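S.K.: Just to be clear, the model below is a prediction. Sequence and coordinates:
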Amino acid sequence: MLKELVALLCLGVVLQGRAGHVVINEVMYHPPDDHDELQFVELLNPTTSPVDLSGWKLSGGVKFTFPPKTVLAPGAFLVVTRDSAAFQRTHGGTTVPFGIFTERLSHKGAKLELVDSSGQTVEKLHYHDGKSWPQGADGYGSSLERICVDAPADDPRNWAASHSPAGTRAGGSPGEVNSVASAKPLPVVQKVTWEKFTKPDQPLEIVAEASGTEAIENVILEYRTIRAARQTAAATLEMHKTAGDNGSNHYSATIPGQVSGTLIRFTVQARDKNGATRVEPAAAEPRPAFTAYAVEKVERAGIPQLIVLNPEPLRGGGNNKFGPARKEAKGRGKSAILYIPPQGEIQLLDFVQVRRRAGGLKIHFLRDQPLADMTAVNVIFEGPPRWVLSEHLSYELYRKAGMKIENSGHVRLTVDNRALGYYLLVEQPNKHFLARSGRDESGNLYKVLWFGNGIVSQHEKKTNPETGHADIVSLIETLRSKTGAAQWAYINEQFDVDAFANYYAVNMCVENWDGFFNNHFVYHDLKPGGKWDILPWDEDKTWGEYDGGPQDYSWYDMPLTFGSGSDRARRGVGWFGGGGFDGYWRPPGFHSGALLSNPQFRQKFEARLRELCMTVFTPEKFGPVVQELQQRLRPEVELKARLTGQNPSSALKQFDGDMASFHRQLANRRKYILANLK
């Protein structure tokens with residue numbers, strides 16, 4: 001009863017004349033990490049009278065009928081969810097869900113209707129993930145909370161993202177007063193305008209509109225500046241009224257000029273005469289501030305430039321490459337990125353996640369502000385310089401072979417005013433990538449690992465974590481249990497045969513000895529008739545290189561049986577243990593072992609391998625790709641040498657030698673393949 005009284009006092013409601021008025025008060029439609037078992041819908045009775053919900057229904061995005069004798073007390077909350085046990089593990093045992101719905105609330109938007117026992121619609125809510133609605137509730141940890149129970153449910157301005165919990169735990173306030181609750185509608189701040197790129201030492205004018213059901217008392221601008229991993233304390237300016245029309249008031253303030261390379265973040269706060277206050281953007285939003293950048297002149301380069309700005313120094317080292325990856329932290333970050341392509345639009349992307357990883361950085365962008373249509377990238381320079389060349393060339397061959405794979409390229413990296421020279425950029429496969437590449441983002445994506453023991457532990461699930469590994473376990477166990485014509489029929493039914501044959505054929509061309517057993521992704525389209533697909537990953541030790549291989553990369557004879565169930569170790573063990581780690585051999589992979597041993601699939605694979613060696617993997621066709629990369633990166637190699645204290649002449653000599661080895665590999669590996677194809 002205490003909770004109900006607190007709710008009434010907080011909301012300040014005196015609604016005796018509206019007995020029976022129940023509101024949709026909170027919706028968790030997109031939990032963090034896509035844990036949709038945590039979805040819920042909360043109702044609130046904000047009146048001073050109990051409401052009989054017997055026979056009432058929730059319809060639209062979810063369907064739930066309230067059983068007889070369901071009475072919602074004054075000020076009380078009622079929650080229905082997808083999974084009661086998961087809900088209570090996350091939110092604690094004080095709020096017990098009233099019921100379960102089986103539907104999945106759409107992450108993109110859905111209608112919710114509350115209908116009484118006579119069939120009359122009590123309330124409608126049509127949320128969606130567009131910019132007019134709070135973005136913090138769209139997978140960033142917050143729920144969608146109603147601000148004022150007496151304001152319309154379908155007004156996006158009457159909803160806000162709940163105050164975010166620490167870490168990646170799902171937030172919200174189910175069964176409690178909303179963290180954003182207000183007895184009165186809040187003022188509205190809109191049409192905030194400013195110059196995104198401002199000249200150094202030039203004042204930055206901010207203009208905004210503020211309005212509300214009550215008169216606006218004041219509008220305050222708060223700002224901070226960031227430069228070289230240092231952030232200033234917040235400063236405030238009063239915004240002065242400049243005009244007013246149609247109930248909206250125009251306000252203006254000017255931030256003092258800043259030195260070049262300074263990031264400026266600011267918010268606008270409007271307060272009405274009753275003390276109701278709104279801050280735009282809200283603190284729980286993925287971008288809790290507007291952003292500008294002071295720069296004298298943008299200099300273009302031959303490759304894209306990636307300038308990273310951090311409010312504080314990056315801490316911690318990268319993951320051990322030969323061990324489990326650290327769990328990704330989802331949501332907004334603290335850093336900003338300036339992306340300057342050789343030509344075209346410059347992007348300023350704020351509140352991105354930047355963390356150290358082995359050999360470089362991993363960067364996550366907010367979904368509605370991707371970097372060149374990518375929401376996650378790895379920026380790396382790990383190991384010898386040859387690796388950032390061979391990896392990109394491998395991806396280029398996959399693309400030339402027609403595979404829809406991750407983006408890759410090279411960027412000139414600067415972190416907190418420290419120029420680091422050229423790095424390799426590789427897109428991280430995720431749901432955004434799946435959608436961009438024409439795949440269904442609701443499918444299952446797995447990363448195949450070399451460590452672990454068994455199917456589950458060696459397939460790291462990247463999407464839909466709550467549904468488990470049943471599909472990949474069933475696929476591999478069934479594939480192993482079948483032989484001959486039955487196995488081929490199963491392969492045709494379950495696999496995109498052309499995609500797998502193409503992937504293994506390119507692997508053979510570049511001698512990707514690590515890419516049959518591990519270091520790739522598999523994807524399962526879950527739609528009826530959907531099949532398994534495959535994506536490359538971690539292509540650094542390719543084009544004639546393996547652990548313990550010849551220093552001149554003159555290895556051209558990886559056998560064409562490699563990766564199949566019939567392949568056996570050569571020249572020592574070449575695996576972790578026994579005779580030592582001094583060779584290229586790997587056991588057959590979970591998928592490659594059966595596929596490459598199946599006669600019908602092998603026929604497809606060998607035909608595609610021959611075709612590549614006649615059309616794409618040739619000195620005439622792919623040689624110019626190698627040459628163009630050499631021309632594009634040669635100035636960057638010299639620049640990086642100067643930046644890192646190396647001898648530019650020595651760096652260029654090594655670079656030219658590496659590029660020559662790619663040409664040799666292209667010619668000699670192709671000869672070996674054609675000579676050994678049946």
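M.R.: Everything's here; your move.
S.K.: domains in this structure, as residue ranges please.
M.R.: Per automatic domain parsing, the domain ranges recorded for the chain read 2-161, 188-294, 305-380+405-427, 439-614.
S.K.: and the last one, how far out from the chain's middle?
M.R.: Put plainly, it is domain 439-614. 25 Å (Cα atoms, centre = their mean, to the nearest Å).
S.K.: Repeat that for stretch 427-443.
M.R.: 10 Å.
S.K.: what about E396, which SS state?
M.R.: Secondary structure state of E396, per DSSP: H, G, I helix; E, B strand; the rest coil, is helix.
S.K.: Quick check: A372 vs G409, distance?
M.R.: 9 Å (Cβ to Cβ, to the nearest Å). The way it works is simple: take the backbone N, C-alpha and C, and place the C-beta from them, glycine included.
S.K.: Please apply the same query to A283.
M.R.: 36 Å.
S.K.: more crowded one of the two?
M.R.: More crowded of A283 and G409, by other Cβ atoms under 10 Å: G409, with 18 against 13.
S.K.: after the helix or strand harbouring the more buried one comes which helix or strand?
M.R.: For G409, the element it lies in under DSSP states H and E is strand 408-415. Sequence-wise, the next helix or strand downstream of strand 408-415 (DSSP H and E) is strand 418-427.
S.K.: got the contact list for that following strand?
M.R.: With contacts defined as Cβ atoms under 8 Å, 6 or more residues apart in numbering, strand 418-427 is touched by 303-304, 306, 360, 374, 376-381, 387-388, 391-392, 395, 406-414, 433, 633, 636-637, 639-641, 643-644.
S.K.: Just the buried ones among the residues you listed, please.
M.R.: 303-304, 306, 360, 374, 376-381, 387-388, 391-392, 395, 406-414, 433, 633, 636-637, 639-641 (16 or more other Cβ atoms under 10 Å).
S.K.: Take the domains of the chain and write them to TSV, including mean pLDDT.
M.R.: Converted to TSV, those look like this (pLDDT from 0 to 100):
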stretch	mean pLDDT
domain 2-161	87
domain 188-294	94
domain 305-380+405-427	88
domain 439-614	91
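S.K.: wait, which of those is closest to K621?
M.R.: domain 439-614 (9.6 Å; Cβ to Cβ).
S.K.: Can you give me the end-to-end span of the closest one?
M.R.: End-to-end distance for domain 439-614, by Cα to Cα, to the nearest Å: 29 Å.
S.K.: Same question for stretch 72-80.
M.R.: For stretch 72-80, the end-to-end distance is 13 Å (Cα to Cα).
S.K.: quick one: buried residues of that stretch?
M.R.: L72, P74, G75, A76, F77, L78, V79, V80.
S.K.: you'd agree the last one is in a strand?
M.R.: Yes. With three-state DSSP as the criterion, V80 is located in a strand.
S.K.: For it, give the beta-bridge partners.
M.R.: V41, G99 (DSSP bridges).
S.K.: ok, now the first one?
M.R.: On DSSP bridges, the residues paired with L72 through beta bridges are V51.
S.K.: Tell me the spacing between it and Q120.
M.R.: For L72 relative to Q120 (Cβ to Cβ), the value is 17 Å.
S.K.: and the residue lying closest to A153 once chain neighbours are set aside, what is it in contact with?
M.R.: Nearest residue to A153 in three dimensions, chain neighbours excluded: L125, at 4.6 Å (Cβ to Cβ, 6 or more residues apart in numbering). Residues in contact with L125 (Cβ under 8 Å, 6+ apart) are I24, V27, K111, L112, E113, A153, D154.
S.K.: The helix or strand encompassing the third one - contacts with which helices or strands?
M.R.: Per DSSP H and E: K111 is located in strand 109-115. With contacts defined as 3 or more Cβ pairs under 8 Å, 6 or more residues apart in numbering; DSSP states H and E, the packing partners of strand 109-115 are strand 23-28, strand 57-60, strand 121-128.
S.K.: Tell me where the stretch 451-600 of the chain has helices.
M.R.: For the stretch 451-600 of the chain, helices defined by DSSP state H, counting those that start in this stretch occupy the ranges 470-481, 484-494, 497-510, 592-595, 599-615.
S.K.: just so I know, which of those lies nearest G402?
M.R.: helix 497-510 (6.7 Å).
S.K.: relative to helix 599-615, how tilted is that closest one?
M.R.: Helix 497-510 runs at 60 degrees relative to helix 599-615, counting by axes from the mean of the first three to the mean of the last three Cα atoms, to 10 degrees.
S.K.: Please confirm that V352 is located within a strand.
M.R.: Yes. Counting by three-state DSSP, V352 is part of a strand.
S.K.: Tell me how many other residues crowd it.
M.R.: V352 has 23 nearby residues by other Cβ under 10 Å.
S.K.: What's opposite it in the beta bridge?
M.R.: Beta-bridge partners, per DSSP bridges, of V352: S335.
S.K.: Would you mind measuring from the nearest residue to D471 once chain neighbours are set aside to P429?
M.R.: Of all residues not flanking D471 in the chain, H524 sits nearest, at 5.4 Å (Cβ to Cβ, 6+ apart). The gap separating H524 from P429 is 13 Å, by Cβ to Cβ.
S.K.: what do these two both touch?
M.R.: By Cβ under 8 Å, 6+ apart, the residues touching both H524 and P429 are L445.
S.K.: Look at A283 and tell me its secondary structure.
M.R.: coil.
S.K.: Hmm, it is touching A160, no?
M.R.: No. Using Cβ atoms under 8 Å, A283 is not in contact with A160, being 9.7 Å away.
S.K.: tell me the SS of A660?
M.R.: With three-state DSSP as the criterion, A660 reads helix.
S.K.: What is the burial count for it?
M.R.: Neighbours of A660 (other Cβ under 10 Å): 14.
S.K.: now D498
M.R.: 12.
S.K.: Which strands and helices lie in contact with the one helix or strand Q627 maps to?
M.R.: For Q627, the host element (DSSP H and E) is helix 619-643. When contacts are defined as 3+ Cβ pairs under 8 Å, 6+ apart, helix 619-643 packs onto helix 385-400, strand 408-415, strand 418-427, helix 648-676.
S.K.: between those, which gets nearest to V51?
M.R.: Among the helices and strands packed on helix 619-643, if distance is taken as Cβ to Cβ, the winner is strand 418-427, at 51.6 Å.
S.K.: returning to what we had before: show me what counts as buried in the helix holding Q627.
M.R.: F622, V625, V626, L629, Q630, L633, E636, V637, E638, L639, K640, A641.
S.K.: mind putting the residues you listed in a markdown table, distance to C509 and pLDDT included?
M.R.: Formatted as a markdown table, the buried residues of helix 619-643 follow (distance: Cβ to Cβ, whole Å; pLDDT from 0 to 100):
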| residue | distance to C509 | pLDDT |
| --- | --- | --- |
| F622 | 9 | 98 |
| V625 | 13 | 98 |
| V626 | 13 | 98 |
| L629 | 17 | 98 |
| Q630 | 19 | 98 |
| L633 | 22 | 98 |
| E636 | 26 | 98 |
| V637 | 26 | 98 |
| E638 | 30 | 98 |
| L639 | 32 | 98 |
| K640 | 29 | 98 |
| A641 | 31 | 98 |
